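Novice: have a look; sequence and predicted model below, questions after that.
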Amino acid sequence: MGDRVKTGIIGLGGRGAGLLEQVILKMPDVEVVAVCDLYMDRGEQVADRIEKVQGYRPFVTTQYPEVLAIAEIEAILISASWAVHTDIAVASMEAGKYVASEVGGAYSIQECWRLVEAYERTKVPCMIMENCCYGREELMVLNMVRQGVFGEIVHCAGGYHHDLRDEITYGNENRHYRLNNYIHRNCENYPTHEIGPIAKILGINRGNRMVSLVSMASNSKGLQEYIKREKGQNCELAKTDFMQGDIVTTIIKCAHGETITITLDTTLPMYYSRGFTVRGTKGMYMEENHSIYIDGMHDKHHFDWKDQWGNAEGFREKYDHPLWKKYIEDGVKGGHGGMDWLVFADFFDSVRKGTQTPLDVYDMASWMCISTLSEDSIAMGGHPVAIPDFTNGKWMNR
């Protein structure tokens, strides 16, 4: 691999264009050779920006196989709609290109197996670009877990609490794929922001695994209320019945007995939160009030715990993750508070060295499958559903 990683970007909507502007074009060791989107106007707009920064214009197309056919391209960034992530990732691996796939949920178990089988056939790494695994809070807590501060971890929780009503209901105008998903599906459609950091803490696919889940969904009221208020009761979308429940709760059981609760919450009014919570035999962390409780240290605060809200900052000097300590010294860059830069820096470092990516295809398959399995469980009234072992037993010794 050369010093500058020659890259193709497939999918140039809000996420793809944002990553390009905030991260990719600011990385001097990355060169964008080609861009692709179903809508040619998006491609041309992005190419204009790349030409201004790089000094030359990338190849532009609406057909992603044309990007994969460019021999000099070493890596592919997939930021297209959820439904095509697997097709593009498999084709990219078969073309010998490292894959950086943006997050999303699976539509079937078969597509998850296709990802794994493509990797095992080609040995070309495929990384799910879960930026939350690189969040400062998540990495500090991971550091504390590994040092035994919370004791044995028993339960973790997380959520995607993000008011997306505007993005969803203006999907037709903005050519955004979320709208169709909310009309036709009822599932935990965006599980990886929650499950990624938790999987790292619990050693999922590396000595532990998720074995089963149950999911329940509330009724769907939030989008209709919002549409009638913002777009009028007579607009076409106001007559649409949405399948997606406003709140989806999923409980996962792990091989070593731990439980995980994740929540999808995107169509009711609420502040943004990932609800990251870790519970162990010696203490806990809770994102909602940015607090840490340690057995023997905070016992006297049982009944006036509000006085301790925000006390996690007091643990920063001792437990801040080394990656973030260096990052702050060097200067935080990129989107989402710096997480985007870190996940892409790791990916491109793997490409340059020709090594495995830190988040791999087994992570991608096991995290994405939660969407389709939750859909099955909800449809059966909360019936337990088995989670496949995509490592075929290798998780015990990885």
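Specialist: Looks like it arrived, so ask away. Residues are numbered from 1 along each chain as shown.
Novice: I'd assumed residue 130 was in contact with residue 339.
Specialist: No - using C-beta atoms under 8 Å, residue 339 is not in contact with residue 130, being 9.2 Å away. Quick note: C-beta positions are derived from backbone N, CA and C, even for glycine.
Novice: these two: who's more crowded?
Specialist: Neighbours around residue 339 and residue 130, counted as other C-beta atoms under 10 Å, are more numerous at residue 130. The numbers are 25 against 21.
Novice: can you count the residues close to residue 280?
Specialist: Residues near residue 280, counting by other C-beta under 10 Å: 21.
Novice: looking at it now. What's its pLDDT?
Specialist: Listed pLDDT for residue 280 reads 98.
Novice: how about the residue nearest to it when sequence neighbours are not counted, secondary structure?
Specialist: Nearest residue to residue 280, sequence neighbours excluded (C-beta to C-beta, 6 or more residues apart in numbering): residue 150, at 3.2 Å. With DSSP: H, G, I helix; E, B strand; the rest coil as the basis, residue 150 sits in coil.
Novice: equivalent analysis for the one 10 residues further on, please.
Specialist: Each residue gets one of three states, and residue 160 gets strand by three-state DSSP.
Novice: who's in contact with it?
Specialist: By C-beta atoms under 8 Å, 6 or more residues apart in numbering, residue 160 lies in contact with 190-191, 193-194, 262-266, 274.
Novice: one more time with 10 Å
Specialist: 132, 188-195, 248, 262-266, 272-275 (C-beta atoms under 10 Å, 6 or more residues apart in numbering).
Novice: tell me how far it lies from residue 262.
Specialist: For residue 160, the distance to residue 262 equals 8 Å [C-beta to C-beta, to the nearest Å].
Novice: do residue 306 as well
Specialist: 26 Å.
Novice: who has more neighbours out of these two?
Specialist: With neighbours defined as other C-beta under 10 Å, residue 306 and residue 262 compare such that residue 262 has more, 28 against 10.
Novice: surely the more buried one is within a strand?
Specialist: Yes - Residue 262 sits within a strand when classified using three-state DSSP.
Novice: show the backbone phi and psi for residue 328.
Specialist: Dihedral pair for residue 328: phi -70, psi -40, per degrees, to the nearest 10.
Novice: now do the one 10 residues further on
Specialist: Backbone dihedrals for residue 338, given as degrees, to the nearest 10, come out at phi 110, psi -10.
Novice: just give me the neighbour total for it.
Specialist: Residue 338: 19 neighbours (other C-beta under 10 Å).
Novice: picking that back up, my read is that the residue nearest to residue 280 contacts residue 277, right?
Specialist: No - between residue 150 and residue 277 there is no contact under C-beta atoms under 10 Å: 11.1 Å.
Novice: now the biggest helix by length in the chain: mean pLDDT?
Specialist: Longest helix in the chain by number of residues, with DSSP state H as the criterion: helix 361-379. Computed over helix 361-379, the mean pLDDT rounds to 98.
Novice: distance from the chain centre to that helix, please.
Specialist: 13 Å (C-alpha atoms, centre = their mean, to the nearest Å).
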